[in-house]
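Colleague: predicted coordinates and the sequence they were generated for:
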Amino acid sequence: MPTDPDVRAELVATVRRFVEREVAPVALELEHADEYPAALVEQMRELGLFGVTIPEEYGGLGLDLLTYVAVVEELSAGWMSLSGVVNTHLITAHLLRHHGTEEQRRRWLPRLAAGELRGCLSLSESDAGSDTRNIACRAERDGDEYVITGTKMWVTNGERAGLVSLAARTDEGITCFMVEKEPGPRSGAITVSRNIGKLGYKGIETVEMVYDGHRVGADAVLGGEEGLGRGLGFVLSALETGRINIAARAVGVARAAFEAAIRYARQRRTFGRPIAEHQAIQAKLADMATRLEASRLLTERAAVLKDTGQRCDVEAGMAKLFASETAFEVATEAMRIHGGVGYTTELPVERYYRDAPLMLIGEGTNEIQRLVIARGLLARYRDDA
């Protein structure tokens, strides 16, 4: 059910105030220190952002995806890393809501909605990134348990999460498990083997996780016995939400870069007048603003389709592709408009420039997005023939 526009506007305004008052003053320092923003995350929990799309019957706010992408844009405009705290968390909630058993939903969704339990997604491996069917992590049945062995890469929030949506291979095929663990570097036979350093996207851990014979009950299989071998389809469907999230992040970063550029263009003077009066700068600003607006509309369109249960693999891919390329281009142009000062760590422009490439790669590279879009279009036109 669509969220009341007034409710959406009120929440977005609340998040914007939070970003202006709490995030903006500390983001630069936290980002350069690569420090986890524990105090900000706690405030996000108090705002209910960990349950924004979780239905009210399970303790969440029960708002639509269109509202969520607006929230993600606001967070990303302040500090993109904050949006990563909720992305895989809400992908986990999405998996439970749409594919879990009722017992699984009752068991985990209320705790996820309250932010008491943090969720993360564990899909990729060193040899299984875009090629998800090459997953080697294995779960062997042993009576009423499964024994999980393998190594997972690029797990955002992996150390601090308490519930991992894990894709592993079983006799039936790739299966999704809900693996509960204690937050920290080690829990049972799960070890966070290393925290991977990154160009940008600082403050949020991206880790490698090793499962060395870790045991979970058979009730950890998402969807119960009927979910065996269906995990890849579950996860790929949920990744549509992840791609829409990435598109919204890109819109937020692009917006922040554009706003920084237009402010600076009005202040900076050369040859006796603000550089905003030079046609070369005006052309840049016009292109930046146009691409930004188009990116937002594509993202909102994908969110509406997903909300209403319509097929949106093509639209989510288009939004992610276009918005992420826009973020990279706008961040680059913002740095050019700033000149030398844009290259320093004294202003956030260089952060936008380092953060933007994540969206080109995250939730499927843009090269893969083009394939997804093309194949989806070909299938649709074949169906219409």
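Modeller: All right, it came through fine. Numbering: from 1, shown residues only.
Colleague: list the buried ones in the helix or strand where Leu95 lies?
Modeller: Taking DSSP states H and E as the definition, Leu95 sits inside helix 81-99. By neighbour count on 16 or more other Cβ atoms under 10 Å, the buried set for helix 81-99 is 81-97, 99. Using the backbone N, CA and C atoms, a C-beta is placed for each residue, glycine as well.
Colleague: next one: stretch 113-121
Modeller: Those would be 113-115, 117-121, for stretch 113-121 by 16+ other Cβ under 10 Å.
Colleague: tell me which two in the residues you listed are the farthest apart.
Modeller: Ala114 and Leu121 (19.6 Å; Cβ to Cβ).
Colleague: now the strands for this structure?
Modeller: 119-122, 138-142, 145-156, 163-170, 173-180, 186-187, 190-195, 206-217, 269-270, 273-274 (DSSP state E).
Colleague: could you list the paired strands of the third one along with their orientation?
Modeller: The pairing partners recorded for strand 145-156 under DSSP bridges are strand 138-142 (antiparallel), strand 206-217 (antiparallel).
Colleague: the last one: which residues count as buried?
Modeller: Of the residues in strand 206-217, those with enough neighbours to count as buried (16+ other Cβ under 10 Å) are 206-211, 214, 216.
Colleague: out of the residues you listed, who's nearest Gly362?
Modeller: Nearest to Gly362, judged by Cβ to Cβ, of the buried residues of strand 206-217 is Thr206 at 10.3 Å.
Colleague: give the contact list for the closest one.
Modeller: 154-156, 158, 195-196, 198 (Cβ atoms under 8 Å, 6 or more residues apart in numbering).
Colleague: can you check Lys198 too?
Modeller: Applying Cβ under 8 Å, 6+ apart to Lys198 gives the contacts 206, 358.
Colleague: for Gly84, see how far away it is.
Modeller: 11 Å (Cβ to Cβ, to the nearest Å).
Colleague: before we move on, what about Glu259?
Modeller: According to Cβ to Cβ, Glu259 stands 21 Å off from Gly84.
Colleague: next: Phe234.
Modeller: Distance from Phe234 to Gly84, by Cβ to Cβ: 21 Å.
Colleague: and the pLDDT at Gln310?
Modeller: Note on Gln310: pLDDT of 91.
Colleague: neighbours around it, how many?
Modeller: 9 (other Cβ atoms under 10 Å).
Colleague: can you list the buried residues in the longest helix along the chain?
Modeller: Counting residues, the longest helix in the chain under DSSP state H turns out to be helix 231-267. Residues 231-232, 234-236, 238-258, 260-262, 264-265 are the ones in helix 231-267 that count as buried (16+ other Cβ under 10 Å).
Colleague: quick one: that helix to helix 81-99, angle?
Modeller: 150 degrees (axes from the mean of the first three to the mean of the last three Cα atoms, to 10 degrees).
Colleague: centre of the chain versus helix 231-267, how much separation?
Modeller: Computed by Cα atoms, centre = their mean, to the nearest Å, the chain-centroid distance of helix 231-267 equals 9 Å.
Colleague: got the angle between that helix and strand 173-180?
Modeller: 70 degrees.
Colleague: I'd like the average pLDDT over helix 231-267.
Modeller: On average, helix 231-267 scores 95.
Colleague: stretch 14-29 too?
Modeller: For stretch 14-29, mean pLDDT rounds to 96.
Colleague: now that stretch: buried residues?
Modeller: If you call a residue buried by 16+ other Cβ under 10 Å, then stretch 14-29 has these buried ones: 15-16, 18-19, 22-23, 27.
Colleague: which residues touch it?
Modeller: With Cβ under 8 Å, 6+ apart as the test, stretch 14-29 has contacts from 35, 37, 40, 43-44, 47, 49, 71, 74-75, 77-79, 82, 345, 348, 351.
Colleague: just the buried ones from those residues?
Modeller: Listed as buried from the contacts of stretch 14-29 are 37, 40, 44, 47, 49, 71, 74-75, 77-79, 82, 348, 351; burial here means 16+ other Cβ under 10 Å.
Colleague: show me these that map onto helices.
Modeller: Judged by DSSP H, the subset of the buried ones among the contacts of stretch 14-29 located in helices is 40, 44, 71, 74-75, 77-79, 82, 351.
Colleague: for Arg118, what are its contacts?
Modeller: Going by Cβ under 8 Å, 6+ apart, Arg118 touches 50, 89, 112, 157, 160-163, 183.
Colleague: poorly predicted segments of this structure, please.
Modeller: Scanning the chain for pLDDT under 70 picks out the ranges 129, 383-385.
Colleague: got the domain ranges for it?
Modeller: Using automatic domain parsing, the domains assigned to the chain come out as 5-114, 119-229, 233-384.
Colleague: related to what we said a few turns ago, got a PyMOL select line for the buried ones in the contacts of Thr206?
Modeller: To isolate the buried ones among those in PyMOL, judged by 16+ other Cβ under 10 Å, type:
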select buried, resi 154+155+156+158+198
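Colleague: kindly reformat the contacts of Thr206 as CSV containing distance to Met335.
Modeller: Below are those laid out as CSV (distance: Cβ to Cβ, whole Å):
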residue, distance to Met335
Trp154, 27
Val155, 31
Thr156, 26
Gly158, 32
Asn195, 28
Ile196, 25
Lys198, 19
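Colleague: give me phi/psi at Leu347?
Modeller: phi -120, psi 160 (degrees, to the nearest 10).
Colleague: shouldn't it be in contact with Ile337?
Modeller: No - counting by Cβ atoms under 8 Å, Leu347 stays clear of Ile337, with 11.6 Å between them.
Colleague: please tell me how far the most centrally placed residue in the chain sits from Lys198.
Modeller: Closest residue to the average C-alpha location of the chain: Asn87 at 3.8 Å, with Cα atoms, centre = their mean. Counting by Cβ to Cβ, the gap from Asn87 to Lys198 is 15 Å.
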